[in-house]
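# sequence and predicted structure below; questions after.
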Amino acid sequence: WDHARRKFVEAKKAEPQHTSQTGNVSKATIALNMIAKLYRIEKDIKGLDIQQKYQIRQKHAKPQLDNIRKWLDKHKDKVPKDGKIGQAFTYLDNQWDKLVVYCESGILPISNIKAENAIRPFAVGRKNWMFADTPQGAYASATYYSLIETAKANDLEPYDYLRIVLKALPYADSVEKLEALLPWNVDKSLLS
């Protein structure tokens, strides 16, 4: 839903200035208000267990999604396809099945921002990877990226974690000692 919302934000920004002065509410504003209701529901159920989230989504979010779908179907053919609002409508229509799937479970979030933030270093790093001159260099980079991201996923400061691992690795002469260096097993008291 973050992406769908962003498309309507872009459409709203592209609106002529006089649109808001005429008293007419734009389609982008209507869409953003409807999407905001979905996010409010998610804010209210934060911290609840999976089953409770599912039940509340079925009771409150599903009808709101039905309203958005009806509104989308009514207006999607009435907007210019090549404009920002047309692109927002097209995105919403094309991605609909993926956008509503979070309501079928209490475990799925409405937003994928956490996943995107987790992979952002890789997306940024892609340009740097072009300079891995050899397969061994690329393998080494992949190993370090994996260690760094796994450390982050286990709430460890990557620099401190790598410092501990690189000092202890030469002395890890058994499987047990190697496994003790994995981010989820490392003794956090060793980290500064």
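That came through, no problem. Numbers count the residues shown, from 1 in each chain.
# switch to C-alpha atoms for all contacts and neighbour counts from now on
OK.
# excluding covalently adjacent residues, which one is nearest to Pro183?
Spatial nearest neighbour of Pro183, chain neighbours left out: Ala151 (5.3 Å); criterion: CA to CA, 6 or more residues apart in numbering.
# can you pull the buried residues of the helix or strand containing that neighbour?
Using DSSP states H and E, Ala151 falls within helix 135-153. Buried positions in helix 135-153, judged by neighbour count with 16 or more other CA atoms under 10 Å: 141, 147-151.
# give me the low-pLDDT residue ranges for the chain?
Counting by pLDDT under 70, the chain shows low-confidence ranges at 18-23, 121-132, 192.
# can you give me the helices for it?
Secondary structure of the chain by DSSP state H: the helices cover 2-14, 27-45, 50-56, 62-75, 84-94, 96-100, 113-129, 135-153, 158-168, 175-179.
# minimum distance to Leu191: which of those helices has it?
Leu191 lies closest to helix 158-168 among the helices of the chain, at 5.8 Å (CA to CA).
# thinking again about what came up before, hey, which of the helices of the chain is tucked in deepest?
helix 84-94 (a mean of 20; mean count of other CA atoms under 10 Å).
# against which helices or strands is that one packed?
helix 2-14 (3 or more CA pairs under 8 Å, 6 or more residues apart in numbering; DSSP states H and E).
# what's the helix it packs on in contact with?
Identification of contacts with helix 2-14 by CA atoms under 8 Å, 6 or more residues apart in numbering yields 26, 28-29, 31-32, 35, 83-85, 87-88, 91-92, 111-113.
# what do you get for stretch 173-188?
Residues from elsewhere that reach stretch 173-188 (CA under 8 Å, 6+ apart): 147, 150-151, 154, 156, 161, 165, 168-169, 172.
# would you mind giving these as JSON lines with distance to Gln51 added?
Below are those laid out as JSON lines (distance: CA to CA, whole Å):
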{"residue": "Leu147", "distance to Gln51": "34"}
{"residue": "Thr150", "distance to Gln51": "29"}
{"residue": "Ala151", "distance to Gln51": "31"}
{"residue": "Asn154", "distance to Gln51": "26"}
{"residue": "Leu156", "distance to Gln51": "31"}
{"residue": "Tyr161", "distance to Gln51": "37"}
{"residue": "Val165", "distance to Gln51": "40"}
{"residue": "Ala168", "distance to Gln51": "44"}
{"residue": "Leu169", "distance to Gln51": "44"}
{"residue": "Ala172", "distance to Gln51": "44"}
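# which one of those residues is nearest to Pro63?
Among the contacts of stretch 173-188, and counting by CA to CA, the member closest to Pro63 is Asn154, at 37.6 Å.
# what's the neighbour count on that closest one?
Neighbour count of Asn154, defined by other CA atoms under 10 Å: 15.
# gap between it and Leu147?
11 Å (CA to CA, to the nearest Å).
# what's the answer for Glu176, then?
When distance is defined by CA to CA, Glu176 is 18 Å away from Leu147.
# ok, Lys81 - contacts?
87, 90.
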